[in-house]
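Undergrad: using only what follows, build the 3D model:
(chains A and B)
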Amino acid sequence: MDSFVEQLKRGTEEEFTDESVWDGSAVNTTSSSLPDIYLPFLPRYLLHPTTRGRKATEFQETKKTCLNYIQDALLQHQWQRAAEFMTNYLETLENTSAEKRMAAPEVIWRIGTEILCHHSKSSIEEFNYFAERMKNLGVKTYLKVCLEHVFHLLCNGLIDDAYQNLSLAEGWRYGEQTTAQDKELKLIQAYKGLLDYYNWAKKRKAVLELDGNFADSVEQEMHSFFRQAAVNLKEIIKIPGVWDPFVKCYVDLLEFYEDYEEVRQVLSEYAYNSKFPPNPNAHVYYYQFLKRQGESKKTLMSVLKILHEIVPSHELMLEYNAMLQKSKKRKNHRLGLEIIFTLLDFAGWKEYVKAWSCLAKQIKQILENSSKHLDWVTEEWNSRKDWWPAFHFSHYLAKRNWQENESLACEKALVAGILLGKDCKYFRYVSHQGCKAKKEKFRTMKKYVKKHSSTHLRASDVLDSCTHL
Amino acid sequence: MEEEDTRDYSEPCVQCSVVNWGLTDEGRFYCKTCHNVIERTKEVLTSDVVPNTKIQSISRGFRKRKKIDKGWEWYVCEGFQYILKKQAEALQTLGVCPQMKDEILCNFWRCYLQKSKQAYCTTPVSYTSKALSISDVSTDVDSEPERISIHGLSSFSESDGDLQTENSFGYVSSIGKASARETASVCSGSVDGGSYLLKRKKGNLRMSMPMTLSFCYIALLWLREPVTLSDLLRFVIDGHIPYLNAFQYFPEEMKLYGVDLKIFRVESWPVYEDVHNKMFELATFLDLPRFPAITDSCFLHPNILCIKYLMEANLPDELHNWTCRVVKKINVGETDFLTLDPMNKSARKVKYDVLAAAIIIVVLKLLFLLDDQYEWLHANFAGKRNQKNKEGCLWFDFKKWYKTIKKSVDVEQKKLDEERARCLWKCEKPLFYSAKEKSVVFKKRQMVVNLQRQFGALSGSMQVAEKQSPSSFQLNWAEENTDVNCFHGHILEGVLQEKGNSLTAMNTKYWLCTVKLCNEKICGQLTHYKESDFPQSYQFVLNLFSFLLRVPASLIHEEVCLIEHKLFKTKLHRK
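TA: Below you'll find the model as predicted:
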């Protein structure tokens, strides 16, 4: 834009110096305190508005409408029609506007790929042909095209072809363009490493199955795959980013060769280096590794603590909760309760029996423990009492839970009974149904709740008095 | 070299089992030890199998770079002569009388060459142009608006579009005039291509691609052929007359590059007004006498053109009576008005087709008012009446007409738009600016052709539809098709009333499209058409004729305003 303005200015200076320039001097008569308004140059050809500006040529216009037709066809999945207009759009590669000509290869590549991926008459040969053309066409996107091509091959199960393409792309050199596409090159290498890992895993399986004569040579091959894979995977993991598949494979490799120190280092770096984007999986991998290594509870819990901060709804939270329960510290029990409550705030866990039974068990424990820590429950409940009844304990849910999963309904009813009292809809419905079915455990549950719902009242009374004070 | 080519082939020879291959002169493999020639041949690298561009650029370095072969010495006007000849031949096959090419057009062309001092004179300007051009550049270049576009071409000379990131604007400003001189004198296939764009003496008309059509049109007009300018341009766009890539008809030896591209490459379709105005300039430039008179028996006479457009717009024949009345009232049917006379500067330049369309619109406004109310009221009335009396002549029902036309014009418009988007602009023989970019351009061309083949195969047989034979009618209503409504025979009962001995319109009101016309010299145009200011019915009618003539609606609107001002002159002045 700036260059355009400059261009315009320079043009006017050259061509319309005297007769058509208005300067601001005439305005400067009334008040001297005000600075002059700056009036731009007014070239002769802009004196009256005309439609005769510098218009795009019709060639450009038709290519633009052609592109619109292609986009419409793509949106409506009319691949044949898109291909038809594509035939006419290709000329844009020969565009006379340098700017458009330079942008053309990428547009053609993306649209063409889309069409070839979906067209019923398309085949892998067609796709290969197109990809080769595209690689030939634009050096600027060479490696991107290669990567896309490889993905397509992998999606079609052509792993050897994909590997070959990756090797070719890896060796590609084109002056400055090679450095400009450094990131893509790293990715190419990483994916090659991934395929090396895949081959390694196949060999490992073969070694385990074979015993005797051939095992040695196969094992040799396996080791060489390991070396190739390890080098490339290690490289990509160093760069900040989300590299879950690469990390998993790399860890698998290293663990096979029992290089646990390296694994520990890689995974802790991956999880804790602040340059990397936050990634819950990084913590999960680290946790799983430490668990496999039989690390102490304390270390494991410290990993999960961070995971809890990032993803409070993660499934490992149940494990974390169990660990906290087993701990002897009161603080940990408190945290465990908080975790299980938070977990159930998320819709994904709504119907998960284990979570509910966990909560029920914990609340029961607290009640039975002479209700010393009843304030913990009240505190957690306080922030949820506005919305949990509708979210978890509605009459509709009671009905549905009872029909679909009796034990879930049972656990939830217990929690509801304690938290909301024996008159709450959920508890009433479930216990009624349970008694009708003459099941023993419901009767005991009912008794239990009746006994403790008074505690509930007491608890809320305590709380109320606290807030009133 | 030979080693390189045979290195990859390591199969032992069938006869002597030795691996020692050589290449025969034809590129076949032979065993150097036993001289056994086998089936295998040297692999020839073509541009579309080279795995990446890198290799290509190296191999280019080894070879000697060939200069573009010189070809013939030719002048720009010779190029245009070729094109004109082709266009005249195409018009002849369309049915124009054979005189046109050899007598009329040829004579006009000779006259042009002589007047512009390019040929048939003692010192043709082109021979001195080289000396002239240098001095011309320094004086003319500043006021020459097309200068920038010449430079625009030089940005096309970059070696590989992918690698260069500078935009064309910056390029132009920084390199500036120095390169203008260079491009002007050095780079063109024709002898005078460089100076052709730069020189423009006062009163000198320069040839251009749209000018070739002005030439054709002037010849058609001289012969009073039944072809309007809008027809001519439609035939051009539909490919019946050579225009796009017309240079491909040049003989092989006429090489085209450099500035020639700017002259002969077509990237836009001809514009009606441009061709029209150029035609008048040309007529004046050639000092032509008064053209053969256009009388009421000529196709171009508004009374006859109105019949054509009434038919095409599917309007009742009865309206013709009214268009004739309007024509008579405002004197646009007179021979003096219609006949082109280059000597008479004050005469208006008549656009016959637009005039006829505008007259029809004015008549529709007179009878139906087109104010989005009156015509619908009448349509309801006529519709009810038609339902009751199914026998006898049907009354013209504006609503029904609107629905019918709207439906088929929308379909045709959609077809036309798609057709336009499908247009292929480039020809098989690619153009390149300089020798440097020849290989890049050829490679790109090859790539486009390859990809077109690939996607063409995926698009099915849709596009093999044959080129339609040209017709002066785009819409046809008179077919025996029963489901197409034909309004030609409908009567104007209900909008007309008898007064004295003649019929007059029931409608007694009228609205003017504009009260005052602008000054063409100050404003650039007489009227300013803003769609939303006008009733929908009026817009619809305007757009219908805009579609039929393929001219902008504003052009017809302007003509409507002009007619109205003539028609209501006395009433306007009385006020």
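
Undergrad: quick check: B:Trp269 touching B:Leu233?
TA: Yes: when contacts are counted by Cβ atoms under 8 Å, B:Trp269 is listed as touching B:Leu233 (7.5 Å). For glycine as for every other residue, the C-beta is placed from the backbone atoms N, C-alpha and C.

Undergrad: these two: which is more packed in?
TA: Per other Cβ atoms under 10 Å in any protein chain shown, whichever of B:Trp269 and B:Leu233 has more neighbours is B:Leu233, with 24 against 20.

Undergrad: state the distance from B:Ile360 to B:Leu562.
TA: From B:Ile360 across to B:Leu562, the span is 14 Å (Cβ to Cβ, to the nearest Å).

Undergrad: looking at these two, which is more packed in?
TA: Shown here are B:Ile360 and B:Leu562; by other Cβ under 10 Å, B:Ile360 has more neighbours (26 against 21).

Undergrad: got a pLDDT number for that one?
TA: Listed pLDDT for B:Ile360 reads 96.

Undergrad: just the element for it, please.
TA: helix B:352-368 (DSSP states H and E).

Undergrad: do the same with B:Arg348
TA: Per DSSP H and E: B:Arg348 is located in neither a helix nor a strand.

Undergrad: hmm, it is touching B:Phe337, no?
TA: Yes: counting by Cβ under 8 Å, B:Arg348 touches B:Phe337, with 7.5 Å between them.

Undergrad: which one's more surrounded, these two?
TA: Per other Cβ under 10 Å, whichever of B:Arg348 and B:Phe337 has more neighbours is B:Phe337, with 15 against 11.

Undergrad: would you say the more buried one is within a helix?
TA: Yes: judged by DSSP: H, G, I helix; E, B strand; the rest coil, B:Phe337 forms part of a helix.

Undergrad: if I look at it, how far off is chain A?
TA: 29 Å (Cβ to the nearest Cβ, to the nearest Å).

Undergrad: so what's that residue up against?
TA: Residues counted as contacts of B:Phe337 (Cβ atoms under 8 Å, 6 or more residues apart in numbering or on different chains) are B:Asn331, B:Ala347, B:Arg348, B:Val350.

Undergrad: pick out whichever of these sits closest to A:Lys63.
TA: The nearest member of the contacts of B:Phe337 to A:Lys63, counting by Cβ to Cβ, is B:Val350 at 36.2 Å.

Undergrad: my read: the closest one touches B:Asp336, true?
TA: No: B:Val350 lies out of contact with B:Asp336 (Cβ under 8 Å); the separation is 11.0 Å.

Undergrad: between these two, point out the one with more neighbours.
TA: Higher neighbour count among B:Val350 and B:Asp336: B:Val350, with 18 against 12, using other Cβ under 10 Å.

Undergrad: how about that one, phi and psi?
TA: When read as degrees, to the nearest 10, the backbone of B:Val350 gives phi -80, psi 130.

Undergrad: nearest residue to it other than its sequence neighbours?
TA: Computed as Cβ to Cβ, 6 or more residues apart in numbering or on different chains, the closest residue to B:Val350 that is not its neighbour in sequence is B:Leu338, at 5.8 Å.

Undergrad: isn't that neighbour right up against B:Leu300?
TA: Yes: if you go by Cβ under 8 Å, B:Leu338 and B:Leu300 touch, sitting 6.9 Å apart.

Undergrad: what comes up buried for stretch B:85-102?
TA: Using 16 or more other Cβ atoms under 10 Å in any protein chain shown as the test for burial, stretch B:85-102 gives B:Lys85, B:Lys86, B:Gln87, B:Ala88, B:Ala90, B:Leu91, B:Leu94, B:Val96, B:Met100, B:Lys101.

Undergrad: what is the nearest of those to chain A?
TA: B:Gln87 (19.3 Å; Cβ to the nearest Cβ).

Undergrad: pLDDT on the helix or strand containing that closest one, on average?
TA: Using DSSP H and E, B:Gln87 falls within helix B:76-93. The predicted model assigns helix B:76-93 a mean pLDDT of 92.

Undergrad: which parts of chain B are strands?
TA: Under the criterion DSSP state E, chain B contains strands at B:21-23, B:28-31, B:37-41, B:496-499, B:502-505.

Undergrad: looking at it, B:Pro342 is touching B:Met279, isn't it?
TA: No: judged on Cβ under 8 Å, B:Pro342 makes no contact with B:Met279 at a distance of 10.1 Å.

Undergrad: more crowded one of those two?
TA: Ranked by neighbour count (other Cβ under 10 Å), B:Pro342 and B:Met279 place B:Met279 first, with 23 against 19.

Undergrad: tell me the contacts of that one?
TA: Applying Cβ under 8 Å, 6+ apart, the residues near B:Met279 are B:Ser214, B:Tyr217, B:Ile218, B:Leu221, B:Leu229.

Undergrad: just these: which are in helices?
TA: With DSSP state H as the criterion, helices contain B:Ser214, B:Tyr217, B:Ile218, B:Leu221, B:Leu229 from among the contacts of B:Met279.

Undergrad: would you turn these into a markdown table with distance to B:Leu197, neighbour count and pLDDT?
TA: Converted to a markdown table, those look like this (distance: Cβ to Cβ, whole Å; neighbours: other Cβ atoms under 10 Å in any protein chain shown; pLDDT from 0 to 100):
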| residue | distance to B:Leu197 | neighbour count | pLDDT |
| --- | --- | --- | --- |
| B:Ser214 | 18 | 24 | 95 |
| B:Tyr217 | 24 | 21 | 95 |
| B:Ile218 | 23 | 23 | 94 |
| B:Leu221 | 28 | 22 | 94 |
| B:Leu229 | 26 | 26 | 95 |
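
Undergrad: would you format these as a markdown table with distance to A:Ser224 included?
TA: Output for the ones in helices among the contacts of B:Met279, formatted as a markdown table (distance: Cβ to Cβ, whole Å):
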| residue | distance to A:Ser224 |
| --- | --- |
| B:Ser214 | 76 |
| B:Tyr217 | 78 |
| B:Ile218 | 82 |
| B:Leu221 | 84 |
| B:Leu229 | 78 |
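
Undergrad: ok, so of those, who is nearest B:Thr284?
TA: The shortest approach to B:Thr284 among the ones in helices among the contacts of B:Met279 belongs to B:Ile218, at 11.0 Å (Cβ to Cβ).

Undergrad: how close does that closest one sit to B:Ser346?
TA: Distance, B:Ile218 to B:Ser346, by Cβ to Cβ: 20 Å.

Undergrad: so what does the nearest residue to B:Phe487 once chain neighbours are set aside have for phi and psi?
TA: Nearest residue to B:Phe487 in three dimensions, chain neighbours excluded: B:Asn314, at 5.0 Å (Cβ to Cβ, 6+ apart). Per-residue torsions, B:Asn314: phi 60, psi 40 (degrees, to the nearest 10).

Undergrad: give me the low-pLDDT residue ranges for the stretch 201-350 of chain A?
TA: By pLDDT under 70, the low-scoring segments of the stretch 201-350 of chain A are A:211-214.

Undergrad: ok and the residue in it nearest chain B?
TA: For the stretch 201-350 of chain A and chain B, the shortest gap (Cβ to the nearest Cβ) falls at A:Asn232, measuring 21.7 Å.

Undergrad: now do the contacts for residue 323.
TA: Since no chain was named, I'll use chain A. A:Met323 sits next to A:Lys297, A:Leu300, A:Met301, A:Leu304 when contact means Cβ under 8 Å, 6+ apart.

Undergrad: hm, I was asking about chain B
TA: B:Pro302, B:Asn303, B:Cys306, B:Leu310, B:Ala356, B:Ile359, B:Ile360, B:Val363.
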